[in-house]
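*Asks:* Pasted the sequence and its predicted model underneath.
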Protein chains: 2
Amino acid sequence: MRTIWLARDGRTVEIIDQTQLPHELVIARLKTVADAACAISTMQVRGAPLIGATACYGVALAVAEDPSDAGLEAAISQLAATRPTAVNLRWALSQMRRALREAPERRRLAAALHQAGDIAEADVAINRAIGEHGASVIAEAWRRKGDERPLNVLTHCNAGWLATVDHGTALAPVYRAYDDGVPIHVWVDETRPRNQGASLTAWELGQHGVTHTVIVDNAGGHLMTQGLVDLCIVGTDRTTAGGDVANKIGTYLKALAARDNDVPFYVALPSPTIDWQIESGAEIPIERRHEREVTHIEGWTEEGRRVAVRLTPQGSPAANYAFDVTPARLVTALITERGICPASREGLLALFPERAG
Amino acid sequence: MRTIWLARDGRTVEIIDQTQLPHELVIARLKTVADAACAISTMQVRGAPLIGATACYGVALAVAEDPSDAGLEAAISQLAATRPTAVNLRWALSQMRRALREAPERRRLAAALHQAGDIAEADVAINRAIGEHGASVIAEAWRRKGDERPLNVLTHCNAGWLATVDHGTALAPVYRAYDDGVPIHVWVDETRPRNQGASLTAWELGQHGVTHTVIVDNAGGHLMTQGLVDLCIVGTDRTTAGGDVANKIGTYLKALAARDNDVPFYVALPSPTIDWQIESGAEIPIERRHEREVTHIEGWTEEGRRVAVRLTPQGSPAANYAFDVTPARLVTALITERGICPASREGLLALFPERAG
């Protein structure tokens, strides 16, 4: 199963509605570009690579209705406006524009479906490669640990297969190492406000059979001081050319704790997540979302009803910053589809020399 | 209004049931030592100083039923076992033992009520003094900021008047500075898993009229990188003689972020919170609570019903560490009832010379 695919009718797109997990596996159908934009905004789909793939299919849905240049540009604008931080969205849309502007209008739907499919397949291949490179880091850490106890990995948010088309970024190495026989236990940050860790990462790991424990976001520092974390691995929504990493709010705090306790801190990323245009993380726009995600939380009652409950006093405002930036100095290494490198311009250029100059 | 008081009947004790806030202000009645122990365990009362005061009244309730030495010791054991981390509990119980063992059995109830009342009054006076000393730190920080914008203070968990008999520890300086006319805005960490920030600190600040914004625990680091936090101030459940500070889980992460961004990080504490017996925070027992506090959360529906909802997949275990230790090296200064000092043995002994040697 993947997170997004072209439906059998060849005209609509199906996704896993991630707002319903872990309670229910619901498939939603996207019929229009507005459906696709809404799925991204409301986070039925989320995760930088999956946002990119969904945007590609959204362009295809738009082109099916209006294949003109104006229609194409309107769709790209609408999709680009959904979420500001992940750079994959912009990258995916520019790939679509390049592929479609050359094609005559009557061929644009076929070209769009083809290109969207290619980008989705490329994401799968990239993440498989990240899994291979990252698994060697995990296996080596376990060997260094030198006993039979499981390797304790801490992750924040969800960078598993649900965040991508398949395999995941930060979790791809975990799955691959687990499949190779390395005993692994994952500490899962719940990741307030939207709890993608508690609801998505825990569900994914459970489905795959990987031992895990859910913790509140406050707990990771204490665990590290107690020697209960062997390494951290997270995903990213945008990595600058200098190696700074924007990821889900709270990642920076875990990176600080990792540094303070000599715990390696890895970031796994597909290269479309690299923003070669900017050097410093300070230039990355940080999305602010609705305060209701902080003042309220959704969960399931004993009877299986999904309910939103209020956590804060009436009249107390809330702020909701969705991402933070972890500076390159706190990152042990970046894990990409081409291998592992220091979080620096030199490190990235050694793997992606075509970006030099 | 205080958090605990002797009822008009002179035989029972009343408390604010803090598990009902911020939705409802409910007064609960403690009739027996078991009621008092249960109120502490279930966190109807919480906060190191208030736990201590409640334990004192719990001893009085026990002595009313059985004033014998055996009855006294059984009550002390029962109350001491409720929560392991806050040292005030042990301190308060040893004060009660000292006062009561000297008294004949027929006078023990009167002596217990007297001693409990004294300890509660002493807590109020101590916290008032902490407020005065801490307010000068806040006023000075605002002057240094050098403009009319409010001083941005970040706090974690609840160390307000609800955590004490009155005034609070970390929030006493905030209230005092606010009352003195310093413009203050408080960033309130929600403080998972039990959300004492979102439910208690936000409510307290709102009642007092202090401008505040609730944030998820993940957000504070980002705010500091953006220059949006001028100082941090938190309470503590136990401070070692060397200046290490145990406080609600997640405090350590904020202290790391404060250090990384040159934001002053203050800890406010009444001297009964100091454990002179131990030097290092590594010796402090860290309470582990039930995993249900992580897997579920309580909140209020639109109709005002209090509901617990599940956040995690069935079958995903959770771990619930209630406190962490912030090492003295990350603490700018300690704010005590006798003044402000470095977080070190020398600093503490300069204020409490009677503890030397």
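*Replies:* That came in fine, so what should we check first?

*Asks:* Now do the contacts for the residue lying closest to residue A:242 once chain neighbours are set aside.
*Replies:* Leaving aside its chain neighbours, residue A:242 sits nearest to residue A:279 (4.3 Å; criterion: CB to CB, 6 or more residues apart in numbering or on different chains). Quick note: C-beta positions are derived from backbone N, CA and C, even for glycine. With contact set as CB atoms under 8 Å, 6 or more residues apart in numbering or on different chains, residue A:279 has these partners: A:240-242, A:345.

*Asks:* so can I have a markdown table of those residues showing secondary structure?
*Replies:* Converted to a markdown table, the contacts of residue A:279 look like this (DSSP: H, G, I helix; E, B strand; the rest coil):
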| residue | secondary structure |
| --- | --- |
| A:240 | strand |
| A:241 | coil |
| A:242 | coil |
| A:345 | helix |
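
*Asks:* Can you list the buried residues in stretch A:307-325?
*Replies:* For stretch A:307-325, the neighbour count (16 or more other CB atoms under 10 Å in any protein chain shown) marks A:307, A:309-313, A:316, A:318-325 as buried.

*Asks:* Now do the end-to-end distance for that stretch.
*Replies:* 32 Å (CA to CA, to the nearest Å).

*Asks:* Buried residues, the lengthiest helix in chain A. List them.
*Replies:* As assigned by DSSP state H, the longest helix anywhere in chain A is helix A:108-145. Using 16+ other CB under 10 Å as the test for burial, helix A:108-145 gives A:108-109, A:111-113, A:115-117, A:119-120, A:122-124, A:126-127, A:129-139, A:141-142.

*Asks:* Specify the angle between the helix or strand just after it and helix A:108-145 in degrees.
*Replies:* On the C-terminal side of helix A:108-145, the nearest following helix or strand under DSSP states H and E is strand A:151-155. Angle, strand A:151-155 to helix A:108-145, by axes from the mean of the first three to the mean of the last three CA atoms, to 10 degrees: 140 degrees.

*Asks:* any idea which helix or strand comes after strand A:151-155?
*Replies:* According to DSSP H and E, the helix or strand after strand A:151-155 is helix A:171-179.

*Asks:* what about that next one and chain B, any contact?
*Replies:* No. Helix A:171-179 is not in contact with chain B by CB under 8 Å from any CB of the partner chain; minimum separation 14.7 Å.

*Asks:* quick one: that helix to chain centroid distance?
*Replies:* 16 Å (CA atoms, centre = their mean, to the nearest Å).

*Asks:* Please work out the residue of the stretch 51-200 of chain A nearest to chain B and name it.
*Replies:* With CB to the nearest CB, the shortest gap between the stretch 51-200 of chain A and chain B falls at residue A:192, namely 4.1 Å.

*Asks:* can you count the residues close to the nearest residue in space to residue A:310 that is not next to it in sequence?
*Replies:* In space, and not counting its chain neighbours, residue A:310 is closest to residue B:300: 4.8 Å by CB to CB, 6+ apart. Number of residues near residue B:300 (other CB atoms under 10 Å in any protein chain shown) recorded here: 19.

*Asks:* Next: residue A:293.
*Replies:* For residue A:293, using other CB under 10 Å, the count is 18.

*Asks:* picking up where we left off before, and the gap between the residue nearest to residue A:242 and residue B:303?
*Replies:* Distance of residue A:279 to residue B:303, computed by CB to CB, to the nearest Å: 52 Å.

*Asks:* again, but for residue A:207
*Replies:* According to CB to CB, residue A:207 stands 35 Å off from residue B:303.

*Asks:* Tell me which of those two has more neighbours.
*Replies:* residue A:207 (14 against 6).

*Asks:* and that one, which of the three is it?
*Replies:* helix.

*Asks:* what does the model give it for pLDDT?
*Replies:* The model reports residue A:207 with a pLDDT of 97.

*Asks:* residues contacting it?
*Replies:* Per CB under 8 Å, 6+ apart, neighbours of residue A:207: none.

*Asks:* What are the structural domain limits within chain A?
*Replies:* A:4-121, A:136-355 (automatic domain parsing).

*Asks:* Include distance to residue B:255 when you put the ones you listed into CSV, please.
*Replies:* Below are these laid out as CSV (distance: least, CB to CB, whole Å):
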stretch, distance to residue B:255
domain A:4-121, 27
domain A:136-355, 9
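
*Asks:* Pick the most buried one from those domains.
*Replies:* Highest mean neighbour count of the domains of chain A: domain A:136-355, a mean of 22 (counted as mean count of other CB atoms under 10 Å in any protein chain shown).

*Asks:* Report the separation between the two terminal residues of that domain.
*Replies:* By CA to CA, one end of domain A:136-355 lies 26 Å from the other end.

*Asks:* mind checking the SS state of residue A:266?
*Replies:* Secondary structure of residue A:266, per three-state DSSP, is strand.

*Asks:* hang on, isn't it packed against residue A:336?
*Replies:* No. At 11.0 Å, residue A:266 does not count as touching residue A:336 under the criterion of CB atoms under 8 Å.

*Asks:* ok, now which ones touch residue A:228?
*Replies:* So residue A:228 contacts A:152, A:187 (CB under 8 Å, 6+ apart).

*Asks:* at 10 Å what do you get?
*Replies:* Applying CB atoms under 10 Å, 6 or more residues apart in numbering or on different chains to residue A:228 gives the contacts A:152, A:154, A:185, A:187, A:213, A:219-220, A:222, A:263, B:319, B:321.

*Asks:* quick revisit: anything in contact with each of residue A:266 and residue A:336?
*Replies:* residue A:134.

*Asks:* What separation is there between the residue most central in space within chain A and residue B:21?
*Replies:* Geometric centre of chain A, nearest residue: residue A:47, 3.0 Å, by CA atoms, centre = their mean. Look at residue A:47 and residue B:21: by CB to CB, they are 37 Å apart.

*Asks:* With residue A:72 instead?
*Replies:* In terms of CB to CB, residue A:72 sits 54 Å off from residue B:21.

*Asks:* follow-up on the earlier one: pretty sure the residue nearest to the centre of chain A sits against residue A:194.
*Replies:* No. Using CB atoms under 10 Å, residue A:47 is not in contact with residue A:194, being 11.9 Å away.

*Asks:* joint contacts of the two?
*Replies:* A:18, A:157-158, A:200, A:248.

*Asks:* what two of those are the furthest from one another?
*Replies:* The largest separation in the shared contacts of residue A:47 and residue A:194, counting by CB to CB, is between A:18 and A:248 at 14.2 Å.

*Asks:* where does the stretch 1-150 of chain A have low pLDDT?
*Replies:* For the stretch 1-150 of chain A, no stretch has pLDDT under 70.

*Asks:* coming back round to it: kindly indicate which of the buried residues of stretch A:307-325 lies nearest residue A:356.
*Replies:* residue A:325 (24.2 Å).

*Asks:* For the closest residue to that closest one other than its chain neighbours, give me its contacts.
*Replies:* Spatial nearest neighbour of residue A:325, excluding adjacent residues (CB to CB, 6+ apart): residue A:281 at 3.5 Å. Residue A:281 sits next to A:238-240, A:242-246, A:252, A:275, A:323-328, B:225 when contact means CB under 10 Å, 6+ apart.
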